[in-house]
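after the sequence you'll find the predicted model.
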Amino acid sequence: LTGDTVTAADVINSKTFHLKSGAQATGTCTYDSDTSDANASGSEILSGKTAYVSGTKVTGSMTNRGSVTGTITTKAQEYTVPAGYHDGGGKVSISSTEQDKIIAANIRTGIEILGITGTKGKSTVAYMLRAILDAGTVGSGCGIMGSIDTYDGAERFESHLTTPEPLELQRHFANAVGAGLEYLTMEVSSQALMLRRTDGFVFDIGIFTNIEEDHIGPNEHSSFENYMECKSLLFKQCRLGLVNMDDPLWEKVLSGHTCELLTYGFSKEADYRANDVKYINDAGRLGVEYDITGRRSLHASVDIPGDFTVYNSLCAIAVCDTFGVSDDDIKTALLTAKVKGRIEPVAVPGDFSLMIDYAHNAMSLKSLISSLRKYEPKRLVVLFGCGGNRSKSRRYEMGEVAGNMADFTIITSDNPRDEDPMDIISDIESAIKKTNGDYIMIPDRKEAIRYAIKEALDGDVVILAGKGHEDYQEIRGVKHHMDERELVVDILKEEGM
């Protein structure tokens, strides 16, 4: 916001007027740099005065704790700010685009907004948080926004973006406030941070799950450094940051953070620590149990398998600890928490396990396979493909992971988009050939799943990886309905199983 000027004699005293994110000023203030933040202290902020933000006029009354009244006028449009709204912490926030247009005011009050970023685990943490906070809430509960679906107290629908565009995001905040929700948990993608969709307000808690190379390519991030830098932006616009201390790059991601910090993980230095993990394999039930020490003492049991489940649930517990949720509410919620397409069990006849998971990059596939190995299956069979119009490196990396770690791999089609499915499958095969892994190529995904089911042995764990919660297959710009849960049911009927 180079060249922005804020001039108002009344904007000085002992309170805070938050414009964006980074520098502080006392007194009448003019800042002329590309910093993204200016804070001025004032007992009364914009009491009938006029301030100019990026050349855009903001008029009306904005007192520090409790009222925002008036109209935000841009060069092209007006957005009315409802009276009586503030952000719950004494800061009134205004966001502008690169074209210097005000997007919206932060019109929320009395609601805790929790933002989750990371390469994997965002959806699972969001749903675990929602389950626990709903169990521990007296009132209307917890809303959610993410890659699977959106619920804001007034609207419920399948999501089309992991993180909504700015005006849509602010509408969901307003809906949540109007519905009386106490919490809203949301996935914050690196793309959203890069495109400044979440500018203009402060998250109550920002969460970092983990990071590894992903979403790098001509249509996404230019480099891993850019990807990591975008993730780090969340921790310059939240009050409290909760981070996975076991991730080797957590300190780089948190470089320059402006929030308070809490940590979680297996590390003895973490504020919330997981200990004595037990892998439960009981009559088809796969799960984990573990003890939590540090700032909270608790025994947790979750009916979702894998070490990543320990991390995700520990993260959710740490967040809920800051809100004072009881042990009973946490334990009950975690036993019932389920996430569509995230280690989702599908009922099949026979003594083998079939699971659907969204693992669609090397990091998530490696974590998934290594975690399930601890349950000592007879064979670990992985079925997957890769999306078209995305970085080709993902195909080679996932192929090598599957070839080296799975007992058998079924290469099939995912979302080919504008590419020939066989070109993608051939790229994956070229990587598997570098390993000693056994594999078969079946381009039709339904037929690939049929093969996996018919050839499964007692004691096997079969993973359908890559699609997860998705109920479509994208081919040449058209999304054709395809839900793996339905495919399994159809195949069982067709085979008389």
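Noted; the coordinates are in hand.

find the nearest non-adjacent residue to His257, please.
Nearest residue to His257, sequence neighbours excluded (C-beta to C-beta, 6 or more residues apart in numbering): Phe235, at 3.9 Å. Any C-beta I mention is one placed from the backbone N, CA and C, and that applies to glycine too.

and that neighbour, what is it in contact with?
Residues near Phe235 by C-beta atoms under 8 Å, 6 or more residues apart in numbering: Gly206, Phe208, Gly241, Val253, Leu254, Gly256, His257, Thr258, Cys259.

so it, which state does it fall into?
helix (DSSP: H, G, I helix; E, B strand; the rest coil).

let me know the pLDDT of it.
On the pLDDT scale, Phe235 is placed at 96.

what about Ser147, neighbour count?
21 (other C-beta atoms under 10 Å).

wait, it sits on Glu158?
No - with contact defined as C-beta atoms under 8 Å, Ser147 does not count as touching Glu158 (9.8 Å).

ok so Arg429 is a helix residue?
Check again: residue 429 is Glu, not Arg. Yes - assessed with three-state DSSP, Glu429 lies in a helix.

so how far is Arg196 from it?
Applying C-beta to C-beta, to the nearest Å, the value for Glu429 to Arg196 is 40 Å.

ok but Leu354 is inside a strand, no?
Yes - applying three-state DSSP, one finds Leu354 inside a strand.

that one and Glu260: what is the separation?
For Leu354, the distance to Glu260 - C-beta to C-beta - is 43 Å.

higher neighbour count, these two?
Leu354 (23 against 11).

ok, back up a step: are any of the contacts of Phe235 buried, and if so which?
Burial by neighbour count, judged by 16 or more other C-beta atoms under 10 Å, picks out Gly206, Phe208, Gly241, Val253, Leu254, His257, Cys259 from those.

show me where pLDDT drops low in the stretch 201-350 of the chain?
214-219, 283-284 (pLDDT under 70).

how about the helices in it?
224-232, 250-253, 307-322, 327-336 (DSSP state H, counting those that start in this stretch).

what comes into contact with the shortest one?
Taking contacts as C-beta under 8 Å, 6+ apart, the residues outside helix 250-253 that touch it are Phe208, Ile211, Met228, Lys231, Ser232, Phe235, Val243, Asn244, Asp247.

quick check: the fifth one touching Ser255?
Yes - checked against C-beta under 8 Å, the pair Ser232 and Ser255 is within contact range at 6.4 Å.

who's more crowded, the two?
Ser232 (20 against 12).

for that one, list the residues it contacts.
Lys252, Val253, Leu254, Ser255, Gly256, His257.

for the fifth one, which residues are in contact?
So the one you mean is Gly256. With C-beta under 8 Å, 6+ apart, Gly256 has these contacts: Ser232, Phe235, Lys236.

dump those to TSV, plus distance to Gly141.
Formatted as TSV, those follow (distance: C-beta to C-beta, whole Å):
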residue	distance to Gly141
Ser232	31
Phe235	27
Lys236	29
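
between these, which sits nearest Pro443?
Ser232 (40.0 Å; C-beta to C-beta).

give me the distance between that closest one and Met405.
Taking C-beta to C-beta, one finds Ser232 at 31 Å from Met405.

repeat that for Cys230.
The value you get for Cys230 to Met405, if C-beta to C-beta is used, is 30 Å.

and if you look at Gly437?
Taken as C-beta to C-beta, the span from Gly437 to Met405 is 8 Å.

on that earlier part again, using a markdown table, lay out the buried ones among the contacts of Phe235 together with distance to Ala448.
Below are the buried ones among the contacts of Phe235 laid out as a markdown table (distance: C-beta to C-beta, whole Å):
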| residue | distance to Ala448 |
| --- | --- |
| Gly206 | 39 |
| Phe208 | 35 |
| Gly241 | 42 |
| Val253 | 37 |
| Leu254 | 41 |
| His257 | 44 |
| Cys259 | 45 |
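
run a quick neighbour tally on Asn275.
Using other C-beta under 10 Å: Asn275 sits among 11 other residues.

now do His172
23.

what does the pLDDT read for Asn13?
As predicted, Asn13 sits at a pLDDT of 29.

ugh, wrong one, I meant Ser364
At Ser364, the predicted lDDT confidence score is 88.

what angle sits between the host helix or strand of it and helix 307-322?
Using DSSP states H and E, Ser364 maps to helix 362-373. With axes from the mean of the first three to the mean of the last three C-alpha atoms, to 10 degrees defining the directions, helix 362-373 sits at 100 degrees from helix 307-322.

which helices and strands does helix 362-373 pack with?
helix 307-322, strand 380-384, helix 393-405, strand 461-465 (3 or more C-beta pairs under 8 Å, 6 or more residues apart in numbering; DSSP states H and E).

please list all residues in contact with His172.
Contacts here follow C-beta under 8 Å, 6+ apart; on that basis His172 touches Gly143, Met145, Thr150, Asp152, Glu155, Pro164, Leu184.

run a quick neighbour tally on the closest residue to the fifth one other than its chain neighbours.
So the one you mean is Glu155. Leaving aside its chain neighbours, Glu155 sits nearest to Asn175 (6.2 Å; criterion: C-beta to C-beta, 6+ apart). Here the number of neighbours of Asn175 (other C-beta under 10 Å) works out to 18.
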